[in-house]
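*Asks:* make a model of this:
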Amino acid sequence: MTGAPSGPGPTPDEWRRQLLALVARGREAYGAEPVREALTEVLEELPSTDGVPDVLRPDRPVLGVDACPAGWVGVLLGPDGRPTVHVAGSIADLVALVRERAEPAVVAIDIPIGLPDSGPRRADGEARRQLVGKGSSVFPTLTRAAYEADTYELARAANLAATGGASSASAQAYALGAKVLEVDAWIRSGPGTEVIEVHPELSFARMAGSPVIARKKDPEGVLARREALRAHGLAAPAWFRGAGFGEDDLLDACAAAWSAARHDRGAGESFPAEPEVFGDGIPAAIRV
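*Replies:* You can find the predicted model right below:
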């Protein structure tokens, strides 16, 4: 399913045709001079393009993904630089939906990938250290046994047992369990494309030059994140919310797409630099 129109609006060529048609109707009704004066006034009010960044145009299509109430929301970014929004109930369905439009070279997902058998992941600790003042946004990844537990109480017990009594399980981390296991199963099935783990707050911190402290659901936080994206050539799609996803979900998916593009061109960072590999054989690292 698609939770919003598949693009941010008409293409530049479509806008041009619409504008020319409007000008032609104006000339017919009022003559050339009033139309010329109106267009001059509009052009004078447009902001200067000095300092406006080039649009981010990855060499190959990439997909940024965030969990949302409807399931998953993805932002596909291709060489044309126009982000498109896609929504589906499962990660497999989302990628299948996107493939109808383009084959993503990289799928970047805001979800733990590579589950520890015991103890914490280095990825989480290193990401927290990068996010001074915002480290709590990185939930500790639980052990596989904890995520597979049927109840929160059983998950706490499983995590304590797996970590030798060193760590219980937070409610927030366990609440992600169904999504974590869904992505884990999908990766194990062989999705046929590179899949990386990202954390939007780390992506926004890199874009902005420091962690964005304002909460992502507050107006100040929304504006700061949109400005960070714009400054790096990725304007958030016009559809800020849709059926089953909010503006914060969409902004996080945009940030994931930015990190996917960065990773694909070889400019990304990895935390840790050398991914850990646990019993599941899946490399565990947060990329940005």
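*Asks:* where along the protein do the helices fall?
*Replies:* Ranges of helices in the chain, per DSSP state H, are 12-30, 32-45, 91-99, 122-130, 144-147, 152-162, 171-175, 177-188, 200-208, 219-231, 247-264.
*Asks:* do you know which of those lies nearest Pro58?
*Replies:* helix 247-264 (4.0 Å; C-beta to C-beta). Using the backbone N, CA and C atoms, a C-beta is placed for each residue, glycine as well.
*Asks:* then that closest one to CSV, C-alphas only?
*Replies:* Output in CSV follows, covering the C-alpha atoms of helix 247-264 (Å, rounded to 0.1, in the frame of the first residue of the first chain):
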residue,chain,number,x,y,z
GLU,A,247,6.1,13.8,10.2
ASP,A,248,8.7,12.5,12.6
ASP,A,249,8.6,9.1,11.0
LEU,A,250,9.1,10.6,7.5
LEU,A,251,12.0,12.9,8.7
ASP,A,252,13.7,9.8,10.2
ALA,A,253,13.3,7.9,6.9
CYS,A,254,14.8,10.9,5.0
ALA,A,255,17.7,10.9,7.4
ALA,A,256,18.1,7.1,6.8
ALA,A,257,18.1,7.7,3.0
TRP,A,258,20.8,10.4,3.5
SER,A,259,23.0,7.9,5.3
ALA,A,260,22.3,5.3,2.7
ALA,A,261,23.5,7.6,0.0
ARG,A,262,26.6,8.5,2.0
HIS,A,263,27.3,4.9,2.5
ASP,A,264,26.8,3.9,-1.1
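*Asks:* can you list the weak-confidence ranges in the stretch 101-250 of the chain?
*Replies:* Residue ranges of the stretch 101-250 of the chain with pLDDT under 70: 236-242.
*Asks:* at 50 what do you get?
*Replies:* The stretch 101-250 of the chain contains no residues with pLDDT under 50.
*Asks:* and the residue positioned nearest the centre of the chain, what does it touch?
*Replies:* Centroid-nearest residue in the chain, with C-alpha atoms, centre = their mean: Ala253, separated by 2.0 Å. By C-beta atoms under 8 Å, 6 or more residues apart in numbering, the residues touching Ala253 are Gly64, Val65, Asp66, Val73, Gly74, Val75, Val85, Asp110.
*Asks:* same check on Ser90?
*Replies:* Gly71, Trp72, Glu182.
*Asks:* apart from its neighbours in sequence, what residue is nearest the second one?
*Replies:* By the measure of C-beta to C-beta, 6 or more residues apart in numbering, the closest residue to Trp72 outside its immediate chain neighbours is Leu94, 4.7 Å from it.
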